[in-house]
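Enquirer: model the structure of this input:
(chains A and B)
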Amino acid sequence: MDFRGRDVISIKELSKDEIKGILSFAKKMVPYAKGERQTRVLEDRVLSVLFFEPSTRTRLSFESAMTRLGGRFIGFADPGGTSQKKGESLADTIRMADAYSDAIVLRHPQEGAARLSAEFASHPVINAGDGAGQHPTQTLLDLFTIVSEKKKIEGQNIVLLGDLKYGRTVHSLAYALAFFGANLSFVSPESLRMPKEVVGECKEFGVEPVSTSHLDKAIKEADVLYVTRIQKERFPDPEEYNKVMGSYRITLDLLKNGKEDLIVMHPLPRVMEIDPEVDATPHAKYFTQAFNGVPVRMALLALIFGRKTL
Amino acid sequence: MKELKITPIKEGTVIDHITAGNAVKVLHILKIPETTTSVVSVVINVPSKIGRKDIVKIENRELDPKELNKIALIAPKATINIIRDYEVVKKTKVQLPREVVGILKCPNPTCISNAREPIESRFYVISDDPPRIRCYYCEREPEDVVDRIV
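Expert: Numbering: from 1, shown residues only, chains lettered A, B, ... in the order given. All right, here's what the predicted structure looks like:
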């Protein structure tokens, strides 16, 4: 697989072989990501990490990934101190970062920002989330977590729970899981159902997702429960929000109805969706999932710079 | 010509086989009457072999390819007849290109194509008839294509 110089804008642009190649390389990265082994494979490379909106895990894990590979990074976590405040276009900011570094990681509040950046940059651009649009590296680390825990994606019963309408991560993830042949259940309140286009994409891969409001039934057969945050502001009525939050909260009691080897994932940050009591159980994989962002992003960075050996 | 109920034109363009009821939208797209002082005839609900259709005749004006693309978005079966000295010198069917650039505005307010950036809007055509398009930037699929034409 030659991934050198590639932009990573949307998960839909990656083939099955490419995704498998990235995940397989990410597995080799784990001891390096933990600091158990060292490499300087990217010591001659500089990465721009441009975050136009807040992020904890994505930004820190990209910075950690680049550092663990011996490379350096420049950038900002808040556009407040940049020329964007003076009205500079994103295109011009990207041209500058392109001149100062060898690749660009971008988080931006507007959909399509990464696509635009790739047009203006001569170096590779990695989309670290563009508004309500794509977040391909999150999808890759989610897939990596499922493969690490369950060996394969095909045939797994996977429940996506929470805000499926506005949640950025679940749209790309649903697509990717269907692409790999998982059985999907979408559990959400009626008003936050998975968009029709996403369901349609899943069907194109021969997957027939089940949409329901009832978690108690869906959880019984689940191998993976992927929980997302439901934002209070999506509900005009606070009573309705409280009701939904109550019915979708993951507790030890609820997990008793599930399989023994059920894993619970969450892109984090969580608020009330998962009871902290669950953290200590073997079901809880959300912190492992957050760590997995590092080896997956290390693999991606090494591959776009054409470095296949460590 | 009996069914046309209007006379042939000497020079200009006849847009035929417009989906019945869409002639007024075609005029809107072509910015008529603002862009022409010549005679423009519109016939609506003309009976034909394939059902009812609309026809627009514009005197003294030949349409350019960008305008033809716009028409294809709302009248995918339309034919364009270029008339010179009462004769049809060229007859073409409108055809949607794979991409339409700079003629539609993305309805998504947070799409980067609506920000002040040095780019033109860009849409992939994912189906011709009925026309379905997807924004190259934000990947949304606007339902109301006609209202998005700029």
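Enquirer: which one of the residues in the stretch 101-250 of chain A is closest to chain B?
Expert: Of all residues in the stretch 101-250 of chain A, A:Gly112 sits closest to chain B, at 2.7 Å by CB to the nearest CB. (Glycine included, C-beta is placed from N, CA and C.)
Enquirer: pull the contacting residues for that residue.
Expert: A:Gly112 sits next to A:130, A:133, B:111-113, B:135-139 when contact means CB atoms under 8 Å, 6 or more residues apart in numbering or on different chains.
Enquirer: B:Pro131 contacts B:Ala72, correct?
Expert: Yes: contact criterion CB atoms under 8 Å: B:Pro131 and B:Ala72 qualify, at 7.2 Å.
Enquirer: residue boundaries of the helices in chain B?
Expert: Ranges of helices in chain B, per DSSP state H, are B:23-29, B:65-74.
Enquirer: let me have the ones you listed in a markdown table, extended by mean pLDDT and mean neighbour count.
Expert: Output for those, formatted as a markdown table (pLDDT from 0 to 100; neighbours: other CB atoms under 10 Å in any protein chain shown):
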| stretch | mean pLDDT | mean neighbour count |
| --- | --- | --- |
| helix B:23-29 | 88 | 18 |
| helix B:65-74 | 81 | 19 |
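Enquirer: not counting sequence-adjacent ones, nearest residue to the residue of the stretch 101-250 of chain A closest to chain B?
Expert: B:Tyr137 (2.7 Å; CB to CB, 6 or more residues apart in numbering or on different chains).
Enquirer: distance of that neighbour relative to B:Asp16?
Expert: To B:Asp16, B:Tyr137 is 35 Å away according to CB to CB, to the nearest Å.
Enquirer: please work out which residue of chain B is closest to chain A.
Expert: Of all residues in chain B, B:Tyr137 sits closest to chain A, with a separation of 2.7 Å (CB to the nearest CB).
Enquirer: tell me the SS of A:Leu106?
Expert: At A:Leu106 the chain is in strand, as set by DSSP: H, G, I helix; E, B strand; the rest coil.
Enquirer: quick one: contacts for it?
Expert: By CB under 8 Å, 6+ apart, A:Leu106 lies in contact with A:50-52, A:94, A:113-114, A:117, A:125-128, A:130.
Enquirer: and A:Ile250, what are its bridge partners?
Expert: For A:Ile250, the beta-bridge partners under DSSP bridges are A:Ile274.
Enquirer: residues near it, how many?
Expert: For A:Ile250, the neighbour count with other CB atoms under 10 Å in any protein chain shown is 24.
Enquirer: can you get me a residue count around A:Pro282?
Expert: Counted by other CB under 10 Å, the residues lying close to A:Pro282 total 10.
Enquirer: in the chain, which helix or strand is least confident?
Expert: Assuming you mean chain A. Lowest by mean pLDDT, DSSP states H and E among the helices and strands of chain A is helix A:238-247, with a mean of 80.
Enquirer: not what I meant, chain B
Expert: The element with the least model confidence among the helices and strands of chain B, by mean pLDDT, DSSP H and E, is helix B:65-74, at a mean of 81.
Enquirer: chain center to it, what's the gap?
Expert: From the chain centre to the centre of helix B:65-74 is a distance of 4 Å (CA atoms, centre = their mean, to the nearest Å).
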